[in-house]
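# Turn this into a model:
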Amino acid sequence: MQAKVFYFSATGNSFAIARDIANQIDAQAELISIATMDNNDWNFDGDVLGIIFPIHFLNIPKVVVEFIRKLKVKPSCYVFCACTYGALYGDVLYKVEALLKESGIKLAASFPVNMPGNNIILYRAFPVSIQKYLFKNAKKKVIQIADYVKNFRKNVPTKSAIHIYVAIGFLFLFMAPGVSRKGFYVSEKCNGCGLCQRACHCKNITLIDNKPQWSSNCEGCLACIQWCPTEAIYAQKTLNRKHYHHPKVSYSDLF
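Purely as a prediction, here's the structure:
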């Protein structure tokens, strides 16, 4: 079985899930970062293809949308996806199914995976006890996903409870533009290391006089804040909030 698992991950949650799924379904499965791919159409003639990504403001990250639109697979390919989320995943799995359908690709199975949230702008980092609880459940979920994939089982997309989804959706509708266009600052603790610039898959950060400056192409992944080694980067309400990235994923794993 030729399998490839594509992932997008800013703070490690989706990478950890993608890595574990790849290890479970096939020792030879290839793990590929979507953020490092070029802009050309991508053709895959293998047997299994997975797409793993985090929820961004109840939506699919733009880089993942662009990848899906350029994806081409053979008709018999088993395509699955998993989305990681902190609170709600809305109707994102339906959106993935619709995007794939536009390219003539059938989504065989899809899965939501609850992980510690990383949106430091909206809330504080989850307590370690809750993180451990979610990691434990995620391991069980990975086993379930791998069983589906190895046996080519199918399912239909699910979505969050609609009343909660609508309420939170309105909140994100107003919050997202603020995150995307402005509101990032850097303190005197910045040492000019440039890790934030390299972590930004949108190429939205430039270093001027060894200090990061943000443009208007932000996707709100918050990697720049969460991976800053001196915690010099902050946004509104994030000062004194504990940072989060997956404890078993390193910066070098992702960037």
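
# quick one: the helices in this protein?
13-25, 62-70, 92-102, 128-150, 162-181, 195-199, 223-226, 251-254 (DSSP state H).

# any chance of the ones you listed in CSV, with mean pLDDT too?
CSV is the format used below for the helices of the chain (pLDDT from 0 to 100):
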stretch, mean pLDDT
helix 13-25, 97
helix 62-70, 94
helix 92-102, 96
helix 128-150, 97
helix 162-181, 48
helix 195-199, 96
helix 223-226, 95
helix 251-254, 95
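
# Minimum distance to C83: which of those helices has it?
Minimum separation from C83 across these (Cβ to Cβ) falls at helix 92-102, 5.4 Å. (C-beta placed from N, C-alpha, C; glycine too.)

# can you redo the helices of the chain as TSV with distance to F44 and mean neighbour count?
Below are the helices of the chain laid out as TSV (distance: least, Cβ to Cβ, whole Å; neighbours: other Cβ atoms under 10 Å):
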stretch	distance to F44	mean neighbour count
helix 13-25	15	24
helix 62-70	11	18
helix 92-102	13	18
helix 128-150	15	15
helix 162-181	31	14
helix 195-199	27	19
helix 223-226	27	24
helix 251-254	22	14
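
# could those helices be laid out in a markdown table, adding distance to I55?
Conversion of the helices of the chain to a markdown table gives the following (distance: least, Cβ to Cβ, whole Å):
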| stretch | distance to I55 |
| --- | --- |
| helix 13-25 | 10 |
| helix 62-70 | 10 |
| helix 92-102 | 6 |
| helix 128-150 | 14 |
| helix 162-181 | 10 |
| helix 195-199 | 19 |
| helix 223-226 | 15 |
| helix 251-254 | 18 |
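
# can you tell me which of the ones you listed comes nearest to I121?
With Cβ to Cβ, the closest approach to I121 among these belongs to helix 162-181: 6.0 Å.

# okay, how far is it across stretch 71-78, tip to tip?
Using Cα to Cα, to the nearest Å, the end-to-end distance of stretch 71-78 comes to 13 Å.

# So which bits of it are buried?
Buried residues in stretch 71-78, counted by 16 or more other Cβ atoms under 10 Å: 71, 73, 77-78.

# picking that back up, of the helices of the chain, give the one that comes closest to F6.
Using Cβ to Cβ, the helices of the chain put helix 62-70 closest to F6, at 6.9 Å.

# Can you name every helix or strand that the closest one contacts?
Under the contact criterion of 3 or more Cβ pairs under 8 Å, 6 or more residues apart in numbering; DSSP states H and E, helix 62-70 touches strand 48-54, helix 92-102.

# As CSV, those with distance to I208 would be great.
Listed next are the helices and strands packed on helix 62-70 as CSV, based on distance: least, Cβ to Cβ, whole Å:
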stretch, distance to I208
strand 48-54, 29
helix 92-102, 36
